[in-house]
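In: predicted coordinates and the sequence they were generated for:
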Amino acid sequence: MSVQIFYDIAVFRIPSKALDTPEDVYGLCFLSGDSRTYTHSGQRERRWTCPIVGFYDDVIAHQLTWVNYQVYWKTNGASGATRDFQWLAKIRKSLDTATEVGSLSVDFVGMQVGDLSVEPHRRCKGMTIREAISNSMALRSDPKTAGDSDWDALRILGPGSN
C-alpha cells in the first residue's frame with residue numbers, strides 16, 4: 001500500500017483589492033510524493049502542487065476533508081504519522097504566515113512567490129493568474145462542481161521537486 005508523503009507547505013495570499021473579491025484569496029501548495037513512486041535515478045519522486053485556491057474558510061474546509069485520510073508529514077510510518085488536529089494546525093499556521101503577492105502579479109501568465117513559480121496549468125492554460133483563480137473559484141461555487149480541487153488549475157515549480 002502506498003501513502004502520500006508531505007514534505008513542505010507553502011501558501012500565497014492575494015489581497016482582496018487585487019482580485020476585487022470580498023476577502024483575501026489563498027493558494028495552498030504542497031511539496032509531496034507517493035511512497036511508491038520513484039524517479040529513474042531511484043529517488044522518491046517529489047512534486048509541488050496546489051490543490052486549493054480560495055478564501056481562508058474555503059481552504060480550511062477543503063483540508064477538513066483531508067483529515068479523513070491518513071496524512072504523513074516528512075516520514076513514512078507510525079513515527080511520522082500526523083494526527084488530524086496537528087495537520088489542521090500546520091495549515092492554519094501556513095495560512096496565517098502566507099506570502100503576500102503583489103497586485104500586479106495576478107495580471108500575468110505566471111508569478112513568482114518566494115522560491116515558487118506559479119502559472120496556469122491544463123484547464124487554465126493560456127489564462128492570466130487572475131483568470132485562472134477566478135475560473136477555479138467559479139467552478140467550485142457551481143453546485144455541479146462544488147468541492148472540486150484545483151490540482152489542474154495551477155502549476156507550481158520550486159525547490160525540492162525532481
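Out: Ah, there it is.
In: list the buried residues in stretch 115-125.
Out: Along stretch 115-125, these residues count as buried under the neighbour rule (16 or more other CB atoms under 10 Å): 116, 118-121, 124. The way it works is simple: take the backbone N, C-alpha and C, and place the C-beta from them, glycine included.
In: can you lay out those as a markdown table showing secondary structure and pLDDT?
Out: Output for the buried residues of stretch 115-125, formatted as a markdown table (DSSP: H, G, I helix; E, B strand; the rest coil; pLDDT from 0 to 100):
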| residue | secondary structure | pLDDT |
| --- | --- | --- |
| L116 | strand | 95 |
| V118 | strand | 95 |
| E119 | strand | 95 |
| P120 | strand | 95 |
| H121 | coil | 93 |
| C124 | helix | 93 |
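In: nearest to G102 among the residues you listed?
Out: When the buried residues of stretch 115-125 are ranked by distance to G102 (CB to CB), V118 comes first, at 12.6 Å.
In: tell me who's in contact with that closest one.
Out: Taking CB atoms under 8 Å, 6 or more residues apart in numbering, we find V118 in contact with 12, 27, 50, 110-112, 129, 154-156.
In: take the buried residues of stretch 115-125 and write them to JSON lines, including distance to S149.
Out: Shown next, in JSON lines, are these (distance: CB to CB, whole Å):
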{"residue": "L116", "distance to S149": "18"}
{"residue": "V118", "distance to S149": "16"}
{"residue": "E119", "distance to S149": "18"}
{"residue": "P120", "distance to S149": "16"}
{"residue": "H121", "distance to S149": "13"}
{"residue": "C124", "distance to S149": "13"}
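In: show me which pair in those is furthest apart.
Out: L116 and C124, at 16.7 Å, using CB to CB across the buried residues of stretch 115-125.
In: for this structure, which segments count as strands?
Out: With DSSP state E, the ranges of strands along the chain come out as 4-14, 25-34, 47-54, 71-73, 81-82, 99-100, 111-113, 116-120, 154-157.
In: tally of neighbours for A18?
Out: 20 (other CB atoms under 10 Å).
In: leaving out the residues flanking it, which one is nearest to it?
Out: S103 (3.9 Å; CB to CB, 6 or more residues apart in numbering).
In: look up how far G27 lies from that neighbour.
Out: 15 Å (CB to CB, to the nearest Å).
In: run through the protein and note the low-pLDDT ranges.
Out: Scanning the chain for pLDDT under 70 picks out 1-2, 68-81, 146-147.
In: and D152, backbone torsions?
Out: phi -100, psi 20 (degrees, to the nearest 10).
In: wouldn't it be in contact with R123 here?
Out: Yes - the pair formed by D152 and R123 meets the contact definition of CB atoms under 8 Å, at 5.3 Å.
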